[in-house]
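In: Predicted model and sequence follow; I will ask about them next.
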Amino acid sequence: MAGRIEDYALIGDMQTAALVCRDGTVDWLCLPRFDSHAIFAGLLGNEEHGFWRLGPAYASDQEPPTAARRSYRGDSLILESEWDTQRGTVRVTDFMPPRDGAPQLIRIVEGVSGRVPMRSALRMRFSYGRVVPWVHKHEGRTVAVAGPDSVWFDTHAETYGKSLTTYADFTVAPGDRIAFTISWQPSHKEPPPLPEPEQSLEATEDFWREWVDHCTYHGPYREAVVRSLITLKALTYAPTGGIVAAPTTSLPEDIGGVRNWDYRYTWLRDAAITLSSLLRTGYREEARAWREWLLRAVAGDPENLQIMYGIAGERELGEAELDWLPGYENSTPVRVGNGAAHQLQLDVYGEVTEALHLAHMTGLARNDYASLLQLKLIRYLEDHWQDPDEGIWEVRGPRRHFVHSKVMAWVAVDRTIKLIESGDADGPLERWKELRDDIHRDVCEKGYDKERNTFTQSYGSKELDASLLLIPQMGFLPPDDKRVIGTIEAIQRELSTPDGFILRYPTSGGDEGVDGLPGDEGAFLACSFWMADDLAMIGRVDEARKLFEKLLSLRNDLGLLAEEWDPRLQRQVGNFPQAFSHVPLIDTALRLTASGAYGG
């Protein structure tokens with residue numbers, strides 16, 4: 001059985017990522033890309049679906065021992081786990097070196113004290129646990145082959161096969177270092193080069209040290225901000241600049257329920273807000289790469305902007321269910337692909353335009369096609385901003401006139417007006433100023449409940465929605481506007497969990513609600529950070545700081561956050577780690593620092 005979501009550590013090479021549990025088991029790894037088939041899918045099933053456990057040996061009738069300590073080595077993505085046993089202490093260092101060639105996962109076992117018996121158990125199952133590969137020796141190396149894929153296993157430890165699993169039993173004493181490496185290669189190609197684990201470790205540490213040195217944030221909670229930035233970097237697909245929402249699929253928002261989605265794609269919304277956080281903390285190269293990815297992804301068809309694309313800009317992300325996987329803690333279905341890719345979500349136009357505007361304002365080198373794209377997006381909105389859509393939360397129920405969608409349409413027009421006024425683009429300025437006023441008036445008349453003094457989820461509804469917290473942050477209304485304050489207070493009353501975190505919107509319990517799905521979900525962490533932002537903006541800085549620190553306490557021991565927090569089970573839920581949680585963590589830290597919430 002897989003561990004709790006927060007029991008996992010992330011390692012990766014900016015092209016794919018692995019999740020390593022506290023007991024030394026790699027339960028999730030897709031090769032060679034984030035969105036490739038998994039060779040270890042135990043996270044969504046059991047040991048029969050693939051895993052790699054490396055740790056102290058244990059009796060067959062016992063549970064594998066968990067590490068007594070684990071941490072990342074400094075500001076890096078190099079994981080170090082230590083076990084204290086009756087016979088001594090051992091350390092395992094796990095990492096994936098940034099690469100140009102074959103992807104590698106390297107694990108180095110180091111004796112610290114005593115003499116510790118160890119075991120490596122490697123069970124590769126291709127195609128999300130469905131295919132047992134042909135495992136054999138080739139020139140002294142172990143290779144697993146199935147169809148187009150091959151995975152090469154290299155170690156100086158003696159190995160043997162048993163029960164369709166490759167084992168190594170060995171003992172380490174102080175100073176001993178034994179490396180294990182798996183490398184992926186297309187099966188029709190020559191074997192990948194022999195790994196050089198120690199040199200790769202040094203190079204990986206140098207890479208992260210140099211990358212973190214570019215961070216311009218030196219305020220309070222720098223450790224949390226830097227760890228979030230490293231996580232966002234790890235979720236960036238280096239060859240194209242695309243940013244995945246998370247490296248996993250189908251980790252449930254509701255344990256045992258059906259709210260299980262594939263997040264291994266690039267959502268324009270998530271990527272745009274990630275871009276803004278990177279820009280404001282000194283990472284201009286990542287911002288430039290994402291802008292180039294965007295221009296390639298939408299090239300030729302900007303009027304039909306998708307809400308998400310593949311990491312190389314692919315448009316077709318057909319959704320399917322993997323019925324041979326029982327799901328994380330029996331949460332089914334397990335899905336790959338995402339059927340929401342072709343939804344209409346008008347807010348995306350605003351997020352993309354805001355990201356392009358911020359890139360322009362922070363001095364990113366001008367790109368004429370980016371300006372042309374922005375103008376084309378506004379021409380589309382001129383004709384479609386009054387259409388109902390599926391909204392920011394990708395509801396699978398009927399389309400509605402979501403207030404947040406209209407607000408972000410306003411943002412798109414407003415930022416484009418500013419671009420024209422700066423002299424960097426040409427467009428019908430007066431006509432678009434009228435459009436901006438029309439959208440603003442429409443929202444304030446149809447999306448505001450005067451009796452309750454709050455904006456609502458959609459026109460004519462009584463429901464609230466945490467996305468309304470973005471109204472002051474986007475500049476649609478000033479923070480001291482009574483309607484803004486009323487909305488913040490209404491969300492606190494109606495969408496707060498008992499421990500003070502924020503739900504996205506009311507869910508239905510056993511019946512289908514606004515999102516077209518049964519069941520409930522946890523508190524959405526991004527929304528909780530948005531609440532902290534809003535509280536700071538309206539002068540309730542102490543309250544904002546307390547909520548922020550409470551949110552930081554939900555991170556696992558390595559500083560990682562999933563999508564949601566289940567207040568009933570007191571555990572993280574949803575795909576992990578989640579960019580849409582780490583980005584607002586950074587943003588809130590920046591806002592609170594600027595507000596003087598920490599005394600300077």
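Out: In hand now; what should we look at?
In: I am assuming residue 2 contacts residue 328, so please confirm or correct that.
Out: Yes: when contacts are counted by CB atoms under 8 Å, residue 2 is listed as touching residue 328 (6.1 Å). C-beta here means a position set from N, CA and C on the backbone, and glycine is covered the same way.
In: Mutual contacts of those two, please.
Out: 43, 44 (CB atoms under 8 Å, 6 or more residues apart in numbering).
In: Distance check, residue 190 against residue 505.
Out: Note on residue 190: its distance to residue 505, by CB to CB, to the nearest Å, is 54 Å.
In: more neighbours, those two?
Out: The neighbour comparison of residue 190 against residue 505 (other CB atoms under 10 Å) goes to residue 505, with 23 against 7.
In: Sticking with that one, tell me its helix or strand.
Out: Per DSSP states H and E: residue 505 is located in neither a helix nor a strand.
In: OK, contacts around the closest residue to it other than its chain neighbours?
Out: Spatially, and ignoring its direct neighbours in sequence, residue 505 is nearest to residue 465 (4.7 Å; CB to CB, 6 or more residues apart in numbering). Residue 465 makes contact with 393, 402, 403, 404, 456, 457, 458, 504, 505, according to CB under 8 Å, 6+ apart.
In: if you set the cut-off to 10 Å instead, what comes out?
Out: 391-393, 402-404, 455-458, 487, 491, 495, 503-506, 514, 527 (CB atoms under 10 Å, 6 or more residues apart in numbering).
In: Show the backbone phi and psi for it.
Out: phi -150, psi 130 (degrees, to the nearest 10).
In: Which pLDDT does the model give it?
Out: At residue 465, the predicted lDDT confidence score is 96.
In: quick one: residue 18 is in a helix?
Out: No: counting by DSSP: H, G, I helix; E, B strand; the rest coil, residue 18 is not found in a helix; it is strand.
In: where does the residue nearest to it when sequence neighbours are not counted land in three-state SS?
Out: Counting by CB to CB, 6+ apart, residue 29 is the residue found nearest to residue 18 once chain neighbours are left out, at 4.2 Å. Secondary structure, three-state DSSP: residue 29 is strand.
In: which ones are touching residue 29?
Out: 11-12, 16-20, 36, 38-43, 50-52, 96, 103, 105, 124, 151, 182, 184, 247.
In: Kindly recompute the last result at 8 Å.
Out: 16, 17, 18, 19, 38, 39, 40, 52, 105 are the contacts of residue 29 under CB under 8 Å, 6+ apart.
In: Show me which positions of stretch 125-142 end up buried.
Out: Within stretch 125-142, the residues scored as buried using 16 or more other CB atoms under 10 Å are 125, 126, 127, 128, 129, 130, 131, 132, 133, 135, 142.
In: Around the nearest residue to the third one once chain neighbours are set aside, how many other residues sit close by?
Out: Taking CB to CB, 6+ apart, and ignoring the residues beside it in sequence, residue 127 has residue 37 as its nearest neighbour in space, at 4.9 Å. Here the neighbour count serves as a burial measure; for residue 37 (other CB under 10 Å) it reads 21.
In: Skipping its backbone neighbours, what lies nearest residue 453 in space?
Out: residue 486 (3.3 Å).
In: Just confirm that neighbour is within a helix.
Out: Yes: according to three-state DSSP, residue 486 belongs to a helix.
In: So for it, what pLDDT did the model give?
Out: pLDDT recorded at residue 486 is 98.
In: One more: residue 301?
Out: 73.
In: and it, how far is that from residue 198?
Out: Residue 301 is 48 Å from residue 198, by CB to CB.
In: Could you list the low-pLDDT ranges of the protein?
Out: Along the chain, the model assigns pLDDT under 70 to residues 1, 300, 302, 508-519, 597-600.
In: quick one: the helices in it?
Out: 126-129, 197-212, 222-234, 268-280, 284-298, 347-361, 368-384, 403-421, 429-446, 470-473, 482-494, 525-537, 541-552, 579-595 (DSSP state H).
In: Quick one: closest of those to residue 73.
Out: Counting by CB to CB, residue 73 lies closest to helix 197-212 out of the helices of the chain; the figure is 6.6 Å.
In: So which elements touch the closest one?
Out: Using 3 or more CB pairs under 8 Å, 6 or more residues apart in numbering; DSSP states H and E, the elements in contact with helix 197-212 are strand 88-95, strand 104-114, strand 177-186, helix 222-234.
In: So which bits of the third one are buried?
Out: Going by neighbour count (16+ other CB under 10 Å), the buried part of strand 177-186 is 178, 179, 180, 181, 182, 183, 184, 185.
In: Surely the fifth one is in contact with residue 150?
Out: This points to residue 182. No: here residue 182 lies out of contact with residue 150, judged by CB under 8 Å, at a distance of 10.5 Å.
In: quick one: residue 497 and residue 203, what's the gap?
Out: In this structure, residue 497 and residue 203 are 44 Å apart, going by CB to CB.
In: So between the two, which is more surrounded?
Out: Remark: of residue 497 and residue 203, residue 497 carries more neighbours, 15 against 12, as counted by other CB under 10 Å.
In: list the contacts for the more buried one?
Out: 503, 523, 567.
In: what separates it from residue 581, distance-wise?
Out: 16 Å.
In: same check, this time on residue 180
Out: Residue 180 sits 32 Å away from residue 581, going by CB to CB.
In: what do you get for residue 156?
Out: Distance from residue 156 to residue 581, by CB to CB: 40 Å.
In: For residue 294, grab the count of nearby residues.
Out: 26.
In: which one is it nearest to, not counting chain neighbours?
Out: That would be residue 352: by CB to CB, 6+ apart, it lies 6.9 Å from residue 294.
In: right, and that neighbour touches residue 273 too?
Out: No: at 10.5 Å, residue 352 does not count as touching residue 273 under the criterion of CB under 8 Å.
In: Tell me which of the two has more neighbours.
Out: Set residue 352 next to residue 273 and count neighbours by other CB under 10 Å: residue 352 wins out with 27 against 22.
In: correct me, but residue 158 touches residue 171?
Out: No: between residue 158 and residue 171 there is no contact under CB under 8 Å: 11.7 Å.
In: residues touching the nearest residue to residue 537 once chain neighbours are set aside, list them.
Out: Leaving aside its sequence neighbours, residue 537 sits nearest to residue 479 (CB to CB, 6+ apart; 4.0 Å). Residue 479 makes contact with 472, 485, 534, 537, 538, according to CB under 8 Å, 6+ apart.
In: Repeat the analysis, applying 6 Å as the threshold.
Out: Counting by CB atoms under 6 Å, 6 or more residues apart in numbering, residue 479 makes contact with 472, 537, 538.
In: Would you convert these into CSV that also reports neighbour count and distance to residue 228?
Out: Below are those laid out as CSV (neighbours: other CB atoms under 10 Å; distance: CB to CB, whole Å):
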residue, neighbour count, distance to residue 228
472, 22, 23
537, 21, 21
538, 18, 25
